[in-house]
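Enquirer: Need a 3D model of the following:
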Amino acid sequence: FKSTMSSKGFVAKVVDWARIGSRLPHQNLSEVALVQEKYNTAMARLSALPEQPPAINWDSYNKSISYEGFVEKQQKSYTAKKFKYPEDTTSATIAQDEQEALNQAKLAVATAEQNIAELEKQLAALNSEKPLDEVTIEELLANKPEWRKKFKKEIEEGNWD
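Expert: I've put the predicted structure just below:
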């Protein structure tokens, strides 16, 4: 997402729909297309609005309403009202949450890469060993001294289970 400030006072989000679609499973593309259509419709409607609301013709109301002082009172009340575009109180939180999620994702990728490297080492060690049907017991125990100690201890204790 990229944010751009519009001349109409709202922040327009530029969405990279192709990037979103490329990262989702194929079966979700129709849902993304629906969201994109709704977004584009909303943005088109918002863009079509004038920057300022049309001016009220108070003279025509004065001519058509005979109640004394009513239009002047409404005009005074209307001009006293000031409508502000609501403050953006969530974008900073969303950006912070996004950054935290990206950091967690980077950490997960780094952890996964470490695990992959360790597993590749283990696989390389297993592939470099002789096939089990060609290995003698002496060769196996020579390569696995911890097994030799364990078996020796079991034999000494008479533990044959």
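
Enquirer: I'd like the next helix or strand past the host helix or strand of residue 76.
Expert: Per DSSP states H and E, residue 76 falls inside helix 70-80. Proceeding N to C from helix 70-80, the next assigned helix or strand is helix 91-128, under DSSP H and E.

Enquirer: Give the rounded mean pLDDT of that next one.
Expert: If you average the pLDDT over helix 91-128, you get 93.

Enquirer: now it: how far from the chain's centre is it?
Expert: Centroid separation between helix 91-128 and its chain, computed with CA atoms, centre = their mean, to the nearest Å, is 17 Å.

Enquirer: ok, now stretch 44-58?
Expert: Distance, stretch centre to chain centre, for stretch 44-58: 35 Å (CA atoms, centre = their mean).

Enquirer: Averaged pLDDT, it. What do you get?
Expert: Per-residue scores along stretch 44-58 average to 85.

Enquirer: just stretch 28-41 next, same as before
Expert: What stretch 28-41 shows for mean pLDDT is 90.

Enquirer: got the buried residues for the helix holding residue 76?
Expert: Buried residues in helix 70-80, defined by neighbour count with 16 or more other CB atoms under 10 Å: residue 71. Glycine gets a C-beta too; all of them are placed from N, C-alpha and C.

Enquirer: on contacts alone, who are the packing partners of that helix?
Expert: Applying 3 or more CB pairs under 8 Å, 6 or more residues apart in numbering; DSSP states H and E, one finds that helix 70-80 contacts helix 58-64.

Enquirer: ok, and what's touching the helix it packs on?
Expert: Applying CB atoms under 8 Å, 6 or more residues apart in numbering, the external contacts of helix 58-64 come out as 71, 72, 74, 75.

Enquirer: Distance of the residue nearest to the last one when sequence neighbours are not counted relative to residue 73?
Expert: Which is residue 75. Computed as CB to CB, 6 or more residues apart in numbering, the closest residue to residue 75 that is not its neighbour in sequence is residue 58, at 5.1 Å. According to CB to CB, to the nearest Å, residue 58 and residue 73 sit 11 Å apart.
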